[in-house]
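Undergrad: Here is my input; please provide its structure:
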Amino acid sequence: MSTESAARQAGWNPLTLLVADVYAQAVDTTIHQLDSLGFDLSKVRADYWGGDRVWIVGAAAGDSTTSQFWIDSDSLIVDRVIQSEKRGTRVIVSDVRFAAYSDAGGFPVAREMTVYRDGRLILRQDYSDVKVNVALPAELFDPAKFSSPPSVP
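TA: As a prediction, the model looks like this:
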């Protein structure tokens, strides 16, 4: 994709914010970022997802298109993020689902992620053998070597 056709948007990635940043930054910062992304934090309700009790933040019961996120009520980790975004004259609804969490060095990591766009499955990712604190070669971060991938141990 050329840079001329790539769309740029200011803001934060809601997935990164909800699965990582939320644990490492001030609550006020997270609230500001979620609010700027269109999540209505005044709407919170309990429901069930896959047989487990969840907290749904951002939408009323029966609403499957307003920006919202679903948090497992026991583990307090994100199970689902729905984001409604206006792009030009169109509204696009993305529905990202996380599953099969496991421990990786003391951190919960979803081993499965599926992404639906406007109700159609567009991406499925399965992760295995996730490791933390792995030493990476310095050349991995050298822009001069970006065209040739380094060997990772």
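Undergrad: where does Leu18 land in three-state SS?
TA: helix (DSSP: H, G, I helix; E, B strand; the rest coil).
Undergrad: Check Gln33 too.
TA: Following three-state DSSP, we place Gln33 in the helix state.
Undergrad: Identify the residues contacting stretch 142-149?
TA: For stretch 142-149, contacts defined as C-beta atoms under 8 Å, 6 or more residues apart in numbering pick out Glu139. From N, CA and C alone the C-beta is placed, and that goes for glycine too.
Undergrad: Report the backbone C-alpha coordinates of that stretch in CSV.
TA: Taking Å, rounded to 0.1, in the frame of the first residue of the first chain, the C-alpha atoms of stretch 142-149 are listed here in CSV:
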residue,chain,number,x,y,z
ASP,A,142,18.7,-1.1,13.2
PRO,A,143,16.7,0.6,10.4
ALA,A,144,19.6,0.1,8.0
LYS,A,145,18.9,-3.7,8.2
PHE,A,146,15.1,-3.6,8.0
SER,A,147,15.1,-4.9,4.4
SER,A,148,16.8,-8.1,5.4
PRO,A,149,15.3,-9.9,8.4
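Undergrad: element containing Leu15, please.
TA: Secondary structure from DSSP states H and E places Leu15 in helix 14-19.
Undergrad: go on, Val91?
TA: Using DSSP H and E, the element containing Val91 is strand 90-104.
Undergrad: next structured bit after that strand?
TA: Sequence-wise, the next helix or strand downstream of strand 90-104 (DSSP H and E) is strand 107-117.
Undergrad: same for that following strand, what does it pack against?
TA: In this structure, strand 107-117 makes packing contacts with strand 90-104, strand 120-126, judged by 3 or more C-beta pairs under 8 Å, 6 or more residues apart in numbering; DSSP states H and E.
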